[in-house]
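Asker: Structure of the sequence below:
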Amino acid sequence: MTEIEAKFANRGLKMPASNCKQALLPQGAQVLPNPAGTAPGLIWQPRPGLTLLTFPGVPAEMQRMWQETAVPYLKSQGWGQEIIFSRLLKFTGIGESALAEKVAPFFELTNPTVAPYASLGQVRLRLTAKAPCENQAIALINPVAQQLQAIAGEDYFGCDDDTLASVVGQLLQQAGQTLSVAESCTGGGLGGELTSIPGSSRYFWGGVIAYDNQVKIALLKVDPEAIAQGGAVSETVAAQMALGVRARLGTSWGLSITGIAGPGGGSDSKPLGTVCFGLASSDGQVTSATEQLGARTRETIRQRSVSIALDKLRRRLLKSVC
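Answerer: Got it, this is the predicted structure:
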């Protein structure tokens, strides 16, 4: 109790009566000190062979207590002689079952282990190794990771904290190139993903949200006849959007998205989830493609469209950088 009162006093505060309960412990329990807050944790052995450690719920306090007090205690008891280290490999453009079939023998490994995880538009493989120290665990993981990356080829895009946007940014910087985007159905989601990366202003110059056809025509110089003939969701319009934004902003690359995110707007010829992409480069080349994302939710179609657009640019950059 005295320690808790002192922490409040050091902040120039009087301890509220409700904080008294923070000093209560089960009989026989030890205090697990909290250097960052008032609520202590506890170490309790209610019976032989069972040890309980509790922490306050504030993440910053819990994390610091774990590192500064719990880990030393566990090591003093002879626990934690081995560490567990994981690396997450990330893949896109390939389904979970297709990747699993390619790398099936690796799932039989015991140290490191390899386990698949699926997420929206991506597949992840988690490699986990046990070893006396982190360097030895990494040494176990590295050769396996290299083999998996070689098998996956361009479908592998990064690991751990890498995202498609961060990888695209790295490739643009390596090439000394810049990017602008033109978006319709994603409404700024592509630009938002790119600008979520610190320092992205070095390679991402901006974009145009061309939601209405008049914006496509006026700002991006899309041919009105192309819209009249094929509709706003077409590869021709996507290509012209990419060319238009690249010319308008003066960047190395122009990347565009136009599609049907729903829930309405679909037809027999262009069902919900039809999305067209355009990519224009500084050498005058422009490519376009159509993806059928299916009758998913509006937000899912928009998110997948952003990921697909970034991946198309990533694969083109890999060819030009390498």
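
Asker: Quick check: closest non-adjacent residue to Ala39.
Answerer: Pro56 (4.1 Å; Cβ to Cβ, 6 or more residues apart in numbering). C-betas here are computed from N, CA, C, even on glycine.

Asker: got the contact list for the one you found?
Answerer: 34, 37, 39-41, 62, 65 (Cβ atoms under 8 Å, 6 or more residues apart in numbering).

Asker: how about 10 Å then?
Answerer: By Cβ atoms under 10 Å, 6 or more residues apart in numbering, the contact list for Pro56 reads 22, 32, 34, 36-41, 62, 65.

Asker: same check, this time on Ser269
Answerer: Per Cβ under 10 Å, 6+ apart, neighbours of Ser269: Gly231.

Asker: And it, its phi and psi?
Answerer: Backbone torsions of Ser269, given as degrees, to the nearest 10, read phi -80, psi -30.

Asker: For it, give me the pLDDT.
Answerer: Looking at Ser269, its pLDDT is 92.

Asker: Relative to Leu50, how far out is it?
Answerer: Using Cβ to Cβ, to the nearest Å, Ser269 is found at 66 Å from Leu50.

Asker: cool, Gly231 as well?
Answerer: Taken as Cβ to Cβ, the span from Gly231 to Leu50 is 67 Å.

Asker: Of the two, which one has the most company?
Answerer: Gly231 (18 against 8; other Cβ atoms under 10 Å).

Asker: so that one sits right up against Thr258, yeah?
Answerer: Yes: at 9.2 Å, Gly231 and Thr258 qualify as touching, with contact defined as Cβ atoms under 10 Å.

Asker: Name the residues contacting each of these two.
Answerer: Joint contacts of Gly231 and Thr258 (Cβ under 10 Å, 6+ apart) are 237, 274, 276.

Asker: Closest one to Leu172 out of those, please.
Answerer: Using Cβ to Cβ, the shortest approach to Leu172 within the shared contacts of Gly231 and Thr258 belongs to Cys276, at 22.8 Å.

Asker: Once you drop chain neighbours, what's closest to that closest one?
Answerer: Ala238 (4.0 Å).

Asker: Let me know whether that neighbour touches Val222 as I believe.
Answerer: Yes: if you go by Cβ under 10 Å, Ala238 and Val222 touch, sitting 9.5 Å apart.

Asker: What about Asp268, how many residues nearby?
Answerer: 5.

Asker: Sorry, slip of the keys, the one I care about is Ala242.
Answerer: Ala242, neighbours per other Cβ under 10 Å, totals 27.

Asker: How confident was the prediction at it?
Answerer: Reading off the model, Ala242 has pLDDT 98.

Asker: Ok, Gln22 next?
Answerer: Looking at Gln22, the pLDDT reads 60.

Asker: could you pull out the strands for the stretch 101-250 of the chain?
Answerer: 113-119, 122-131, 156-159, 179-183, 204-209 (DSSP state E, counting those that start in this stretch).

Asker: Show me which positions of the third one end up buried.
Answerer: If you call a residue buried by 16 or more other Cβ atoms under 10 Å, then strand 156-159 has these buried ones: 156-158.

Asker: Also the first one?
Answerer: By neighbour count, and taking 16+ other Cβ under 10 Å as the criterion, the buried residues in strand 113-119 are 113-114, 116.

Asker: got the angle between that strand and strand 122-131?
Answerer: Put simply, strand 113-119 runs at 150 degrees to strand 122-131, going by axes from the mean of the first three to the mean of the last three Cα atoms, to 10 degrees.

Asker: what's the lowest-pLDDT member of the buried residues of strand 113-119?
Answerer: Out of the buried residues of strand 113-119, that is Pro116, at 95.

Asker: Is the residue nearest to Ala39 in a helix, a strand, or coil?
Answerer: What DSSP: H, G, I helix; E, B strand; the rest coil gives for Pro56 is coil.

Asker: Look up how far Thr178 lies from it.
Answerer: 47 Å.

Asker: Model confidence at Ala6, what's the number?
Answerer: 59.

Asker: One more: Glu299?
Answerer: 96.

Asker: Figure out the length between the terminal residues of stretch 53-72.
Answerer: Distance between the boundary residues of stretch 53-72 (Cα to Cα, to the nearest Å) amounts to 13 Å.

Asker: Pull the distance from it to the chain's centre.
Answerer: Stretch 53-72 has its C-alpha centroid displaced from the chain centroid by 26 Å (Cα atoms, centre = their mean, to the nearest Å).
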